[in-house]
Structure formats: C-alpha cells, structure tokens
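> sequence first, predicted model second:
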Amino acid sequence: MAIFAALLPLGADARIGETEAECAARYGEPERKAETGDWPPGSHGQWYRKGGLIILVGYHDGKADIIVYQNTKEDLMGKPAELSAMEIDALLKANGGKSRWKAALAPSMDDVWRTEDGKFIAHRSWLSRYLMIATQEADQRQARLTEERQRAAAKTRLEGL
C-alpha cells in the first residue's frame, strides 16, 4: 500500500469530508469557482491544480462530497492522459475512509466502484478520462439534477408536437 501512496503525485490526495479551508491548505487557493448551474441547490464547486492533476471539489453543507480528478498531461490526440491503475487505487483508498472498494456492475462504458458499506461511489469515465469519487448522497443529488435537466430539455424540444 505504501508504494501506491508514494507513486501518487504529491498533494493530490484530497479527502471526501474535508472543509474548504482544509482543501485550500492541501492545494492552495482554488484557481476558480465552478459554474453554479452545474451543481444542485446548496452545493458549489472549486477547481484546483496540483501534483499533475486538475481537481474539481464539490462541496455540500460545507464539506467536500464530490471530487473529480483528471490528468493535466495530454496524449497525442490532445485528450487528458489516463490515470494509471495505481493512481486510481491510491485515490480510492484515500477517499474511502476505512471502507473497502469493490468493482460494481454498471450499465455503461465507465468503470464503477462502491464501498462495501455503501457510503461512497466512484466512476472512471473512459471517454472523458476522469475519476469521480462521491458520497452516495452526492451521487444521488447529481443524478436527480441530471434527470430534471433532461426532462426540462425534452419538454422544450417536444413542445407543440
């Protein structure tokens, strides 16, 4: 396990549950705030860059409950380079508390993990090349927001048909 932590870029191990002040101490001041429309009511996000990673931290009730990691390096096609299996493993362990992660079946092209106690979920997007780790509650809030947006878009698109 120590070898995984040693291979993880310095300072890139944010933890779910940290406050904004703790995240600022870990990364420095945020580069910018995330767009408010991207978050459910009562939530907001901030962008950081550290240890070769772009890190988006989502806060709800003053605590980090979603963290998205993406490599700053790019491949030959100009897309973010993939996070290595060792980096993903280290990030999952850093954010799962004492819980153990298990791969989960998902009806998508993404890899999905859940902790055995059901408190945390993680998605690795093969297309966008990011790793998102969230509390179960944050994942459900985001899913509801996405569903509401899709419903509103469908209603607008189909209006008058």
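Looks like it arrived, so ask away.

> please make it C-alpha for all contacts and neighbour counts, starting now.
Will do.

> where along the chain do the helices fall?
2-7, 20-27, 85-95, 136-158 (DSSP state H).

> name the helices or strands packed onto the third one?
Spelled out, that is helix 85-95. helix 2-7, strand 130-135 (3 or more Cα pairs under 8 Å, 6 or more residues apart in numbering; DSSP states H and E).

> which of those has the lowest mean pLDDT?
Least confidently modelled of the helices and strands packed on helix 85-95 is helix 2-7, at a mean of 35 by mean pLDDT.

> ok now stretch 30-45, how far from the chain's centre?
With Cα atoms, centre = their mean, to the nearest Å as the basis, stretch 30-45 stands 13 Å off its chain's centre.

> same thing with stretch 141-156?
Here stretch 141-156 is found 20 Å from its chain centre; the criterion is Cα atoms, centre = their mean.

> can you give me the buried ones in that stretch?
Within stretch 141-156, the residues scored as buried using 16 or more other Cα atoms under 10 Å are 141-142, 145.

> could you do stretch 95-114 as well?
95-96, 99, 101, 110-114.

> give the rounded mean pLDDT of that stretch.
On average, stretch 95-114 scores 85.

> so how far is the first residue of it from its last?
Using Cα to Cα, to the nearest Å, the gap from the first to the last residue of stretch 95-114 comes to 12 Å.

> for stretch 112-128, same thing?
14 Å.

> pull out the buried positions in it.
Those would be 112-115, 120-125, for stretch 112-128 by 16+ other Cα under 10 Å.

> what about residue 72, how many neighbours?
Residue 72 sits with 16 neighbouring residues when counted by other Cα atoms under 10 Å.

> please report the distance of residue 45 from residue 61.
When residue 45 is compared with residue 61 (using Cα to Cα), they lie 12 Å apart.

> neighbour count winner among those two?
A direct count of neighbours by other Cα under 10 Å for residue 45 and residue 61 places residue 45 higher, at 22 against 10.

> returning to what we had before: okay if I get the helices of the chain as CSV plus distance to residue 51?
Putting the helices of the chain into CSV (distance: least, Cα to Cα, whole Å) gives the following:
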stretch, distance to residue 51
helix 2-7, 11
helix 20-27, 9
helix 85-95, 12
helix 136-158, 25
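
> returning to that earlier point: max pairwise distance over the buried residues of stretch 112-128: which two?
Using Cα to Cα, the pair of the buried residues of stretch 112-128 lying farthest apart is 115 and 125, separated by 18.1 Å.
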